[in-house]
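S.K.: give me coordinates for this.
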Amino acid sequence: MIVVLSAVLLFGANIAQAEEPLYVSVGQTTGNLYGLYTTSNEMWAVATQRCKDLGWKNLVFIKSADVTSEVYDLMYEAVGTAYYWSPIIGMNDLDNEGRWLWNDGTPVSGYTNWGPSQPDNHRKEDCAALEWPFNTWNDIDCGREQPFICFQEPSEYKRSQIDDRLFSIRKFDVEKGTQEMARSGCKKDGFRLAVVDSDAVIAKIEKSINWNSKVGYWVDGTHNCLNADNCEGSTSYVCEDVFPLVLSNSREDYTVGNTIEIECAGSGVSTVNVKWQRQDGVPTDNIWNEPLQKIEPGKATLIIKSATLEDSAKYKCSAANDIFSPSRGYVTSINITVHPEAIKDAMSP
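M.R.: Purely as a prediction, here's the structure:
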């Protein structure tokens, strides 16, 4: 295995050179980018500014059930459900008790997700946190120092250049290299030769990778060499990974006795870990149950040989990259419904 010398490229501000989030994930419905920070606990006001200083939009705004589900995926993948966590989120009622506002000034109305008997303003609690693993809100003292969740909306970052791209320096163990050898070297490890198609991508790579100023690096795209006018003979190159999750089929309706088999593959990363999980929907320490599955490098296949009504559930496929820091998570899900045998004919095309 070649040692990875790169940092994670996110957006604008170089998060990798500042404090690293414990976990970063991408919302499959909204496209939001989320980061959980646990290295240093902060008060609400400090955490709000920290998110902005680190290049994020703000503390997370949980304005819909979709965002609630995506934050759940972030927290579950990052910390599991065995321990209690209470990361700060982006809302408060500092100006007017009982009138809750998101940090952007919009009122908390319509969708809410308060826990039982919350908010209760116990000891003047004017800020809010996510109560994990219950995934509900609780009002807290704004002076409490806690972990926090930042977010960025998809309109504020280019996913093709930022979230789905990680870059790493590689080196041949030969005297002279070529661009074709660089392509093959990346492909062998499940990556591709970095595609450089704009000055913005060059800038992001240069800020995040520890360059040798005397070396040229093979790349692909509108440029074939970085850091030098000509890469002829160079033994250094830059790889990138992209690993979207792909399901072999998206069928959600089955009847009793059907065989359900869905492969979930995460392409582009040699060491990506893929797994299926089942969501029971009950906030307990055992909220996710492992379904029957076949796990192979880069993919996992959900297998239900003879479906029953009890197999109706939301199934989540997740992939994580453990090489890069911070680890990134990708999640996709499918809602499977198993119908009684009696309505099989009605379902047939």
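S.K.: per-residue pLDDT of Gln152, please?
M.R.: Per-residue pLDDT puts Gln152 at 85.
S.K.: neighbours of it, how many?
M.R.: Per other CB atoms under 10 Å, the neighbour tally for Gln152 reads 23. From N, CA and C alone the C-beta is placed, and that goes for glycine too.
S.K.: that one contacts Val60, correct?
M.R.: No. Gln152 is beyond contact range of Val60, at 9.7 Å (criterion: CB atoms under 8 Å).
S.K.: for the host helix or strand of Phe151, which outside residues touch it?
M.R.: Per DSSP states H and E, Phe151 falls inside strand 146-152. Outside strand 146-152, the residues within contact range by CB atoms under 8 Å, 6 or more residues apart in numbering are 11, 21, 32-38, 41-42, 47, 50-51, 54-61, 71, 74, 85-89, 129-130, 140.
S.K.: give me the residue ranges of the stretch 51-200 of the chain where confidence is low.
M.R.: The model of the stretch 51-200 of the chain has pLDDT under 70 over residues 155-166, 188-191.
S.K.: try 50
M.R.: 158-164 (pLDDT under 50).
S.K.: which residues of it fall in helices?
M.R.: For the stretch 51-200 of the chain, the helices defined by DSSP state H, counting those that start in this stretch occupy 65-79, 179-188, 199-208.
S.K.: got TSV for these, with distance to Val331 and mean neighbour count too?
M.R.: What follows is the helices of the stretch 51-200 of the chain, written out as TSV (distance: least, CB to CB, whole Å; neighbours: other CB atoms under 10 Å):
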stretch	distance to Val331	mean neighbour count
helix 65-79	5	21
helix 179-188	26	16
helix 199-208	25	16
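S.K.: quick one: closest of those to Val338.
M.R.: Nearest of those to Val338, taken as CB to CB: helix 65-79 at 21.8 Å.
S.K.: ok, and what's touching that closest one?
M.R.: Here helix 65-79 has contacts from 22-23, 25, 27-30, 32, 34, 36, 60-62, 85, 87, 111, 113, 130, 132-133, 135, 149, 287-288, 316, 318, 320, 329, 331, using CB under 8 Å, 6+ apart.
S.K.: filter these to the buried ones?
M.R.: 23, 25, 27-28, 30, 32, 34, 36, 60-62, 85, 87, 113, 130, 132-133, 135, 149, 287, 316, 318, 320, 329, 331 (16 or more other CB atoms under 10 Å).
S.K.: and the strand holding Phe151 with helix 65-79, angle?
M.R.: 130 degrees (axes from the mean of the first three to the mean of the last three CA atoms, to 10 degrees).
S.K.: quick check: the gap between Val71 and Asn135.
M.R.: In this view, Val71 and Asn135 are 7 Å apart by CB to CB, to the nearest Å.
S.K.: what of Arg251?
M.R.: Taken as CB to CB, the span from Arg251 to Asn135 is 28 Å.
S.K.: do Ser86 as well
M.R.: Distance, Ser86 to Asn135, by CB to CB: 12 Å.
S.K.: now the common contact residues for those two.
M.R.: In contact with both Ser86 and Asn135: no residue, using CB under 8 Å, 6+ apart.
S.K.: average model confidence for the longest strand belonging to the chain?
M.R.: Longest strand in the chain, counting residues (DSSP state E): strand 328-339. For strand 328-339, mean pLDDT is 78.
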